[in-house]
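**Student:** fold the stuff below for me.
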Amino acid sequence: MKIMIIMPLAEQRGGGEKRLWDLMLEGRNVGIEWLLIFLEDGLLVEQIRNLGIDTRVVLSGRLREPHRFIATAIGIAAIARSERANVILSWMWKAHLYGSPVASSIGIPSLWSQLDIPNDSLLQRIVRSLPTSGVFINSKSGKTKLNKHYPEQMIRLVYPGVALDQFNPSSLSSPLETRQNLGLPLDGPIIGIVSRLQRWKGIHTLIQSMPKVLQRYPNAHCIVVGGKHDREADYENYLREKIRELELENCVMLAGLQRNIPEWMQAMDIFVHASNNEPFGIVIVEAMALGKPVVASNSGGPMEIITDGVNGLLTSYEDVDGLANAIFRYLDNQDFTDKVKLAARERAYDFSTQRYVENFITALRELVPNV
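**Tutor:** Numbering: from 1, shown residues only. Down below sits the predicted model:
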């Protein structure tokens with residue numbers, strides 16, 4: 001079976017790109033021939049090509065440019081025909097705008113992977129109106145919303161996975177040594193977050209909680225690891241202004257986009273994930289695999305990962321006091337924190353990349369059994 005995957009993004013910006021990489025890395029030699037079509041050029045193209053997978057670039061323009069859209073669809077269809085693809089799998093809803101019409105035009109099934117929680121925007125309504133043989137979703141909350149539009153048998157819930165070998169504390173330097181290697185403060189607790197710089201990710205809530213944290217722990221530090229997002233380039237300036245306004249220049253660090261995420265997480269004492277209605281939250285599992293006590297939002301995917309008070313803590317989105325109090329619960333009670341850390345590591349093993357890929361391929365074969 002030859003599966004053509006259409007992928008809009010070619011840079012590692014978030015969990016969707018990581019999930020595709022995991023599928024390609026672990027999904028070789030399983031009886032499926034993968035063919036990847038990227039709609040932009042970037043590092044991920046070369047990385048996947050180096051795995052020995054047929055990877056091509058068909059540059060797309062903005063969706064508001066009809067002539068570019070048509071040219072892109074024609075280019076994809078030509079490759080699908082010449083390579084005799086059996087199924088088109090659209091990675092992200094934007095790709096399905098191309099994948100569904102192309103699949104229909106050449107008479108093969110189309111699938112798509114909904115990586116965020118479905119909403120009622122015009123584009124997503126258009127996507128849901130297009131024909132498909134099935135949809136992948138990565139959280140129960142997302143599946144519940146999709147059930148309003150598709151019958152149960154067309155939806156497959158597949159949780160993402162984590163490369164647990166990369167997030168194994170025994171394979172990394174100690175937190176203190178890691179701090180030294182990264183040039184971070186050696187004294188006081190470090191509270192960290194790893195996220196693209198977007199408002200819905202709630203980074204501002206963590207920054208706003210720091211004055212309260214510093215009142216009790218004056219040597220505490222906050223680290224934000226993550227780069228700008230094209231659609232919200234001004235959010236970084238907003239965060240910097242908030243840091244200046246609260247006089248936190250000496251204890252809050254915007255580290256920017258980093259590639260060695262396990263090391264940055266290893267340096268943290270508490271990991272925060274403050275998003276609003278996160279589709280899943282793969283960085284939560286990564287932090288838990290490292291044995292980090294996590295505070296996450298009580299909506300969306302995090303509620304399917306964390307049992308509050310057992311293997312992590314949950315707070316409401318933009319609840320500054322609630323976040324600060326959750327941080328205190330860890331810092332004030334080492335016995336509780338140690339129990340959470342052990343339970344967190346145990347829970348993380350439910351989300352290996354191997355299990356993710358096995359479940360994804362099983363679901364794929366169920367959705368297109370006759371191909």
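
**Student:** from here on, just use CA atoms for contacts and neighbour counts.
**Tutor:** Will do.

**Student:** show me what the top helix by length along the chain is packed up against.
**Tutor:** Scanning the chain for the longest helix, with DSSP state H as the assignment, gives helix 66-82. Applying 3 or more CA pairs under 8 Å, 6 or more residues apart in numbering; DSSP states H and E, one finds that helix 66-82 contacts helix 93-106.

**Student:** how about the helix it packs on: buried residues?
**Tutor:** 93-104 (16 or more other CA atoms under 10 Å).

**Student:** what does stretch 54-74 give?
**Tutor:** 55-61, 69, 72-74.

**Student:** then stretch 30-40?
**Tutor:** Buried residues in stretch 30-40, counted by 16+ other CA under 10 Å: 33-40.

**Student:** okay, those in TSV with distance to Arg81 and secondary structure next?
**Tutor:** Listed next are the buried residues of stretch 30-40 as TSV, based on distance: CA to CA, whole Å; DSSP: H, G, I helix; E, B strand; the rest coil:
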residue	distance to Arg81	secondary structure
Glu33	15	strand
Trp34	15	strand
Leu35	12	strand
Leu36	14	strand
Ile37	13	strand
Phe38	17	strand
Leu39	18	coil
Glu40	21	coil
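
**Student:** hey, where'd the strands end up in this protein?
**Tutor:** Ranges of strands in the chain, per DSSP state E, are 2-7, 33-38, 54-57, 87-91, 110-114, 134-137, 155-157, 190-194, 221-225, 252-256, 270-273, 294-297, 313-315.

**Student:** please convert those strands to CSV, extending it with distance to Phe328.
**Tutor:** Below are these laid out as CSV (distance: least, CA to CA, whole Å):
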stretch, distance to Phe328
strand 2-7, 42
strand 33-38, 45
strand 54-57, 48
strand 87-91, 40
strand 110-114, 36
strand 134-137, 35
strand 155-157, 35
strand 190-194, 11
strand 221-225, 14
strand 252-256, 18
strand 270-273, 10
strand 294-297, 11
strand 313-315, 11
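
**Student:** so for Glu46, which of the ones you listed sits nearest?
**Tutor:** strand 54-57 (8.1 Å; CA to CA).

**Student:** who does that closest one touch, helix- and strand-wise?
**Tutor:** When contacts are defined as 3+ CA pairs under 8 Å, 6+ apart, strand 54-57 sits against strand 33-38, helix 43-49.

**Student:** residues in contact with the last one: which ones?
**Tutor:** The list of residues contacting helix 43-49 from outside it, by CA atoms under 8 Å, 6 or more residues apart in numbering, reads 10-12, 21, 24, 38, 55-57.

**Student:** switch the cut-off to 6 Å
**Tutor:** 10-11, 55 (CA atoms under 6 Å, 6 or more residues apart in numbering).

**Student:** mind putting these in JSON lines, pLDDT and distance to Gln266 included?
**Tutor:** Putting these into JSON lines (pLDDT from 0 to 100; distance: CA to CA, whole Å) gives the following:
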{"residue": "Ala10", "pLDDT": "91", "distance to Gln266": "27"}
{"residue": "Glu11", "pLDDT": "84", "distance to Gln266": "24"}
{"residue": "Thr55", "pLDDT": "97", "distance to Gln266": "34"}
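
**Student:** if we can go back for a sec, of all the strands of the chain, which lies closest to Glu236?
**Tutor:** strand 252-256 (8.8 Å).

**Student:** strand partners (parallel or antiparallel) of that closest one?
**Tutor:** Applying DSSP bridges, strand 252-256 is found paired with strand 221-225 (parallel).

**Student:** tell me the angle the strand it pairs with makes with strand 190-194.
**Tutor:** Inter-element angle recorded for strand 221-225 and strand 190-194: 20 degrees (by axes from the mean of the first three to the mean of the last three CA atoms, to 10 degrees).

**Student:** any idea how far strand 221-225 is from the chain center?
**Tutor:** Relative to the mean C-alpha coordinate of its chain, strand 221-225 is positioned 19 Å out (CA atoms, centre = their mean, to the nearest Å).

**Student:** re the thing from before, alpha carbons of the longest helix of the chain, as CSV, please.
**Tutor:** What follows is helix 66-82, C-alpha atoms only, in CSV (Å, rounded to 0.1, in the frame of the first residue of the first chain):
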residue,chain,number,x,y,z
PRO,A,66,-7.2,30.6,-6.4
HIS,A,67,-4.7,30.3,-9.3
ARG,A,68,-1.9,29.1,-6.9
PHE,A,69,-4.3,26.7,-5.1
ILE,A,70,-5.3,25.2,-8.5
ALA,A,71,-1.7,24.9,-9.6
THR,A,72,-0.7,23.2,-6.4
ALA,A,73,-3.6,20.7,-6.6
ILE,A,74,-2.7,19.9,-10.2
GLY,A,75,0.9,19.3,-9.2
ILE,A,76,-0.1,17.0,-6.3
ALA,A,77,-2.5,15.1,-8.5
ALA,A,78,0.1,14.5,-11.2
ILE,A,79,2.5,13.0,-8.6
ALA,A,80,-0.3,10.8,-7.1
ARG,A,81,-1.1,9.5,-10.6
SER,A,82,2.4,8.8,-11.7
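
**Student:** what's next to that helix, contact-wise?
**Tutor:** If you take CA under 6 Å, 6+ apart as the criterion, helix 66-82 is touched by 60-61, 98, 102.

**Student:** could I get the full set of helices for the stretch 201-350 of the chain?
**Tutor:** 203-216, 235-245, 261-266, 282-289, 302-305, 320-332, 334-348 (DSSP state H, counting those that start in this stretch).

**Student:** which one of the strands of the chain lies nearest to Leu331?
**Tutor:** Of all the strands of the chain, the one in closest proximity to Leu331, counting by CA to CA, is strand 270-273 (8.7 Å).
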